[in-house]
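> Here is my input; please provide its structure:
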Amino acid sequence: MEEEIQKEDEQNEIKAEKMKNEEEKSLEKMTIIELKQIAYKIPEITGASAMKKEDILAAIKKSRGIEDQVSVKKKKKKQIKEEISVKGLKLKIVRLKEEKDVARKSKEKDRVNILRRRINRLKKRTRKVAQA
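Okay, here's the model as predicted:
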């Protein structure tokens, strides 16, 4: 009798783990609208309408007790973005300006346009990094 009860408990635990895995997979595949509907039902989550998909996913997983597994690639990208400094970006801008002057003297219009756009992008990035 006790053995049967233990077997049933083990089977229930296995089913619960499978359901958690299925929920986790389904959460990842859900659209932002579906995730917001789930978030509205959870009282712990506030401001779900203004959240991005990643933020809502994290909040739902946290409230349900699901561990969030981040892939190695995502971690590396975040580290690379954090390491960029305003000083480093400005040094790149200076180098690109020098290249642009050389290209302008040699009358390479296409190269000048490419460098001009790169410089503008880097300037925008410096502003973003400075704000953060």
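> For the spatially closest residue to Ile56 that is not a sequence neighbour, give me its contacts.
In this structure, Ile56 finds its nearest non-sequential neighbour in Leu35, 4.6 Å apart by Cβ to Cβ, 6 or more residues apart in numbering. Heads up, the C-betas are built off the backbone N, CA and C, glycines and all. Applying Cβ atoms under 8 Å, 6 or more residues apart in numbering, one finds that Leu35 lies in contact with 27, 53, 56-57, 60.
> Verify the stated contact: Lys53 with Ile33.
No. The pair Lys53 / Ile33 is not scored as a contact, 10.0 Å apart, by Cβ atoms under 8 Å.
> on that earlier part again, just the buried members of the contacts of Leu35?
Among the contacts of Leu35, those buried by neighbour count (16 or more other Cβ atoms under 10 Å) are 27, 56-57, 60.
> coming back round to it: name the nearest of the contacts of Leu35 relative to Arg118.
Among those, Lys53 lies closest to Arg118 (Cβ to Cβ), at 30.1 Å.
> residues contacting the closest one?
32, 35.
> repeat that with 10 Å
Contact analysis of Lys53 by Cβ atoms under 10 Å, 6 or more residues apart in numbering lists 28, 30-32, 35-36.
> same deal with Ser63?
Contacts of Ser63 (Cβ under 10 Å, 6+ apart): 38-39, 42-45.
> Return the distance of it relative to Lys87.
Distance, Ser63 to Lys87, by Cβ to Cβ, to the nearest Å: 41 Å.
> for Ile56, same thing?
Here Ile56 is placed at a distance of 35 Å from Lys87 (Cβ to Cβ).
> Find the centremost residue of this protein, please.
Nearest to the geometric centre of the chain sits Glu54, at 6.5 Å (Cα atoms, centre = their mean).
> Give me the mean pLDDT for the helix or strand hosting that one.
Using DSSP states H and E, Glu54 falls within helix 53-64. The average pLDDT for helix 53-64 rounds to 86.
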